[in-house]
Structure formats: C-alpha cells, structure tokens
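Q: Provide a 3D model corresponding to the input given below.
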Amino acid sequence: MNEVWIVLAFILGAGVGYLIRWKSGGSAEEAPQLKQSLEQAKFDLEQQRQEMADYFEQSHATLLQLSQNLDKANKLWNDSASHLFNEQLSTAQLPLHEPEPVVIDSEEFQPNDYVQGSHGIITPRKKVS
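A: Now for the predicted structure:
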C-alpha cells in the first residue's frame with residue numbers, strides 16, 4: 001500500500017512541476033533566442049568593461065604626463081628664482097638702516113574741496129524763490 005502512495009505522490013509532483021514550467025513560459029523555440037540574447041548581453045558587458053579599463057589607463061597616462069610636466073616646470077621656476085635671487089644679493093646694496101620718513105607740511109598739500117565746486121565741474125545752484 002505504501003508503494004501506491006509513493007507512485008501517486010510522484011505522479012502528482014510531476015504534474016505540478018509540469019504546470020509550473022508551463023506557466024513560467026519557457027518553450028523549446030524560445031531557448032535559442034534567450035541563449036543568443038544572453039551571449040549578446042555578456043559580449044556587450046565585456047566590451048563596456050574593456051572600454052572603461054582603456055579609459056582609466058589613458059587617464060592614468062595623461063595624469064602621469066601632466067605630473068611630469070609640472071615637475072619640470074616647477075624645477076625650472078625654482079632654478080630661475082634661485083639664480084635671480086642669488087644675482088640680486090650679490091649686486092644689491094642693502095641699507096643698514098631705513099631712512100627717516102619725510103614729513104609733508106599739511107598746509108601746502110591740502111586736498112581740494114570738491115563739495116564747494118573748486119574743480120569747476122559742480123557749481124552751486126541758485127535758489128529760486
């Protein structure tokens with residue numbers, strides 16, 4: 001009797017499995033198309049990965065070249081600046097003390113009073129009554 005239940009359970013399981021497979025949609029005609037679209041998607045993904053790797057490699061090379069050029073320019077600027085600085089020190093007559101500031105007489109150098117029209121552009125208005 002147990003063998004009958006085992007066979008019935010097996011037939012019932014196979015029937016349920018067939019119904020699930022039938023509802024999920026996979027047919028024999030669609031399998032090659034699915035496989036082809038999967039292969040195309042894998043190829044596109046690999047191609048995009050390769051493009052990204054090439055882009056980052058090119059960016060790395062460009063940044064490395066830029067870094068080397070900036071190092072050369074910085075070395076040139078430092079050499080020129082040190083040469084000019086040494087040249088100025090050898091030829092300069094450095095004062096031992098700063099000269100006294102010159103005091104300007106404030107009465108001689110009074111600023112113009114632009115409000116009163118001393119420059120001739122602004123003239124006072126006549127009062128109209």
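Q: need the longest helix for the chain.
A: helix 30-91 (DSSP state H).
Q: quick check: mean pLDDT across that one?
A: Helix 30-91 shows a mean pLDDT of 89.
Q: what's it packed up against?
A: Here helix 30-91 touches no other helix or strand, going by 3 or more C-beta pairs under 8 Å, 6 or more residues apart in numbering; DSSP states H and E. Where C-beta positions appear, they are placed from N, C-alpha and C, glycine not excepted.
Q: count of neighbours near residue 64?
A: 10 (other C-beta atoms under 10 Å).
Q: hang on, I meant residue 48
A: 10.
Q: if I look at residue 67, how far off is residue 60?
A: 10 Å (C-beta to C-beta, to the nearest Å).
Q: again with residue 8
A: Taken as C-beta to C-beta, the span from residue 8 to residue 60 is 68 Å.
Q: what is the helix or strand residue 21 falls within packed up against?
A: Using DSSP states H and E, residue 21 sits in helix 2-24. Of the remaining helices and strands, none touches helix 2-24 by 3+ C-beta pairs under 8 Å, 6+ apart.
Q: what average pLDDT does it get?
A: Rounded mean pLDDT across helix 2-24 is 87.
Q: then that helix to PDB, C-alphas only?
A: Output in PDB follows, covering the C-alpha atoms of helix 2-24 (Å, rounded to 0.1, in the frame of the first residue of the first chain):
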ATOM      1  CA  ASN A   2       2.900   2.400   0.700                       C
ATOM      2  CA  GLU A   3       4.200   1.800  -2.800                       C
ATOM      3  CA  VAL A   4       0.800   3.100  -4.200                       C
ATOM      4  CA  TRP A   5       1.100   6.300  -2.200                       C
ATOM      5  CA  ILE A   6       4.700   6.800  -3.300                       C
ATOM      6  CA  VAL A   7       3.700   6.400  -7.000                       C
ATOM      7  CA  LEU A   8       0.700   8.700  -6.600                       C
ATOM      8  CA  ALA A   9       2.900  11.400  -4.900                       C
ATOM      9  CA  PHE A  10       5.500  11.100  -7.700                       C
ATOM     10  CA  ILE A  11       2.800  11.500 -10.400                       C
ATOM     11  CA  LEU A  12       1.200  14.400  -8.600                       C
ATOM     12  CA  GLY A  13       4.700  16.100  -8.200                       C
ATOM     13  CA  ALA A  14       5.500  15.600 -11.900                       C
ATOM     14  CA  GLY A  15       2.100  17.100 -12.800                       C
ATOM     15  CA  VAL A  16       2.600  20.200 -10.500                       C
ATOM     16  CA  GLY A  17       6.200  20.600 -11.900                       C
ATOM     17  CA  TYR A  18       4.900  20.500 -15.500                       C
ATOM     18  CA  LEU A  19       2.200  23.100 -14.700                       C
ATOM     19  CA  ILE A  20       4.700  25.400 -13.100                       C
ATOM     20  CA  ARG A  21       7.100  25.000 -16.100                       C
ATOM     21  CA  TRP A  22       4.200  25.600 -18.500                       C
ATOM     22  CA  LYS A  23       3.100  28.800 -16.600                       C
ATOM     23  CA  SER A  24       6.600  30.200 -16.400                       C
END
